[in-house]
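[1] What shape does this take:
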Amino acid sequence: MLFIGDLNTSLPEFNQFQSKFDCIFYQLTTVEQLIIDLKTRFLKIEAIYGAWLGFVPFGGFKDQILELAPSTLKIISICSVGYDGYDGEGMAKKNIVLTNVPSVGAAEPVAELVLYNTLLSFRQFNVFSSVLSVKNNHTVKVRKMLDQTSEFDYSTGLPRLNDGNGYAFGEMLNERKVLSPRGHNAVIVGFGNIGQTIGKELSDIGMNIHYVKRNPLSESQQAALGYDAKYYSSILQTKLFVDLIVIAAPATSETNHLINEDVINEIEKPFRIINIGRGTIIDEQALVDGLNRGKVLFAGLDVFEKEPQVHPGLFGRQDVVLTPHVGASTIENFDFTAIQAMKNIESVLTGGKPLNQVN
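    Numbers count the residues shown, from 1 in each chain. From the prediction side, this is the model:
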């Protein structure tokens with residue numbers, strides 16, 4: 001079997017796995033080289049382990065690569081939750097099982113990133129921190145420099161500073177109020193395991209939780225949450241009260257550019273947005289335009305419309321926090337996904353059913 005990408009080879013589970021199967025670690029270089037190897041070296045491959053990046057550099061496992069998959073191949077087991085680029089239907093026609101890793105391991109670390117961005121979006125800690133420096137080494141002066149006597153420059157996403165003479169408590173940053181998230185309304189778009197975990201984190205700091213999903217939770221699912229959450233079938237049903245939108249939905253034809261110019265314009269008041277779902281859900285140009293005119297007060301983005309590239313208009317702003325798709329990136333989750341992917345492979349190759357089949 002092939003290992004595409006890294007894993008922690010010191011895991012006891014890997015040592016046990018390696019004792020049962022002939023493991024080949026393979027570095028993807030070019031599509032041409034992979035095609036040659038599929039035709040020669042890998043004619044008897046039965047399984048492929050795909051780490052987080054997997055076949056993404058080649059556009060996924062589809063088209064010519066899928067056509068050349070050896071007849072012995074039974075399973076491709078990937079470590080990520082998302083399986084964009086893997087032709088599951090085409091693989092099924094060739095009797096190749098595709099498995100992913102459910103969001104159990106990712107939910108907590110992703111929710112932590114949302115909590116971090118939520119606190120920044122209301123309290124604006126990152127802006128205060130950026131002004132406090134060797135040059136401005138005076139906590140009282142910094143608070144006054146950012147006081148409401150100046151106006152936030154929405155066109156650049158940067159605060160305007162005054163001379164810092166006098167005293168300010170720090171409850172205002174330019175004309176922007178420094179707020180607690182408590183009592184404000186969070187609308188979570190996508191309310192699966194990750195969305196529900198995010199809801200728990202935000203509920204714990206006192207936010208009112210609303211969610212957008214195709215169908216509402218059942219009574220038993222609602223009760224299992226452990227907190228109140230109100231259902232809506234569309235974002236615009238929340239336009240009169242939303243303070244924070246959190247995107248936790250997958251990329252589909254229905255969610256593409258779900259957040260666009262029209263939606264941003266229709267929302268009643270300035271709001272904040274966090275995206276840990278998929279980048280294509282937000283029209284980034286519309287987002288930049290919304291930031292430039294102060295309709296969007298804050299954007300915390302871990303995924304991007306044209307990933308791995310980021311819209312240049314999002315850089316250099318202090319009302320934007322960008323992270324390079326690391327919401328789930330903890331050592332605990334890295335190891336969890338590797339173990340789960342190996343379990344899927346072992347189950348299939350020993351005649352059992354896959355644990356997490358997606359095709």
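[2] Neighbours of N137, how many?
    Around N137 sit 9 other residues, with neighbours defined as other Cβ atoms under 10 Å. (Glycine included, C-beta is placed from N, CA and C.)
[3] Please identify the helix or strand for F14.
    In this assignment (DSSP states H and E), F14 forms part of helix 12-20.
[4] Buried by neighbour count: which residues of that helix qualify?
    Residues of helix 12-20 classed as buried by neighbour count (16 or more other Cβ atoms under 10 Å): E13, F14, F17.
[5] now stretch 230-245
    For stretch 230-245, the neighbour count (16+ other Cβ under 10 Å) marks Y232, I235, T238, K239, V242, D243, L244, I245 as buried.
[6] With adjacent residues omitted, what lies nearest to the second one?
    By that I understand I235. V212 (5.7 Å; Cβ to Cβ, 6 or more residues apart in numbering).
[7] Please name the residues that touch the nearest residue to G190 once chain neighbours are set aside.
    The shortest distance from G190 to any non-neighbouring residue, by Cβ to Cβ, 6+ apart, is to A249 (3.0 Å). Contacts for A249 (Cβ atoms under 8 Å, 6 or more residues apart in numbering) come out as V189, G190, G195, T255, L258, G277, R278, I281.
[8] thought the fifth one was touching R278?
    No. L258 is beyond contact range of R278, at 9.9 Å (criterion: Cβ atoms under 8 Å).
[9] Run the chain-centre distance for the helix or strand hosting I274.
    Here I274 sits within strand 271-275, counting by DSSP H and E. Put simply, strand 271-275 sits 13 Å off its chain's centre (Cα atoms, centre = their mean, to the nearest Å).
[10] And stretch 37-50, by the same measure?
    31 Å.
[11] what about that stretch, average pLDDT?
    In this model, stretch 37-50 carries a mean pLDDT of 95.
[12] what secondary structure does Y231 sit in?
    Recorded secondary structure, Y231: strand (DSSP: H, G, I helix; E, B strand; the rest coil).
[13] Do you know the pLDDT at the most centrally placed residue in the chain?
    Nearest to the geometric centre of the chain sits I276, at 2.7 Å (Cα atoms, centre = their mean). I276 is assigned 97 on the pLDDT scale.
[14] Touching, it and E112? I think so.
    No. Between I276 and E112 there is no contact under Cβ under 8 Å: 10.3 Å.
[15] Please parse the protein into its domains.
    What automatic domain parsing lists as the domains of the chain is 2-100+331-349, 105-124+178-322.
[16] These: lowest mean pLDDT?
    domain 2-100+331-349 (a mean of 94).
[17] Find out how far it is from the centre of the chain, if you would.
    Domain 2-100+331-349 sits 23 Å away from the centroid of its parent chain (Cα atoms, centre = their mean).
[18] what's the neighbour count on P216?
    Neighbour count of P216, defined by other Cβ under 10 Å: 15.
[19] all strands for the stretch 101-250 of the chain, in order.
    Secondary structure of the stretch 101-250 of the chain (DSSP state E, counting those that start in this stretch): strands at 172-173, 176-177, 185-189, 208-212, 229-232, 244-247.
[20] so what secondary structure elements neighbour the third one?
    It stands for strand 185-189. In this structure, strand 185-189 packs against helix 193-204, strand 208-212, strand 244-247, with contacts taken as 3 or more Cβ pairs under 8 Å, 6 or more residues apart in numbering; DSSP states H and E.
[21] ok, and what's touching the shortest one?
    Okay, so that is strand 244-247. Residues contacting strand 244-247 (Cβ under 8 Å, 6+ apart): 114, 118, 121, 181, 184-190, 195, 198, 202, 207, 235, 258-259, 271-278, 281-282.
[22] Mind jotting down where the helices sit in the chain?
    Ranges of helices in the chain, per DSSP state H, are 12-20, 31-39, 63-67, 88-93, 104-123, 125-131, 139-145, 193-204, 219-225, 261-266, 284-292, 331-349.
[23] quick one: which of those helices is nearest A299?
    Distance to A299, taken as Cβ to Cβ, is lowest for helix 284-292 among these, at 6.0 Å.
[24] other SSEs contacting the closest one?
    Helices and strands touching helix 284-292, by 3+ Cβ pairs under 8 Å, 6+ apart, are helix 261-266, strand 296-301.
[25] quick one: the last one to helix 284-292, angle?
    Strand 296-301 and helix 284-292 are oriented at 140 degrees to each other (axes from the mean of the first three to the mean of the last three Cα atoms, to 10 degrees).
[26] May I have strand 296-301 as PDB, with CA atoms only?
    Extracted C-alpha coordinates of strand 296-301, given in PDB (Å, rounded to 0.1, in the frame of the first residue of the first chain):
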ATOM      1  CA  VAL A 296     -18.300  44.500   7.700                       C
ATOM      2  CA  LEU A 297     -16.600  45.300  11.000                       C
ATOM      3  CA  PHE A 298     -14.300  42.300  11.200                       C
ATOM      4  CA  ALA A 299     -13.400  39.300   9.100                       C
ATOM      5  CA  GLY A 300     -11.600  36.200  10.600                       C
ATOM      6  CA  LEU A 301     -10.700  33.900   7.700                       C
END
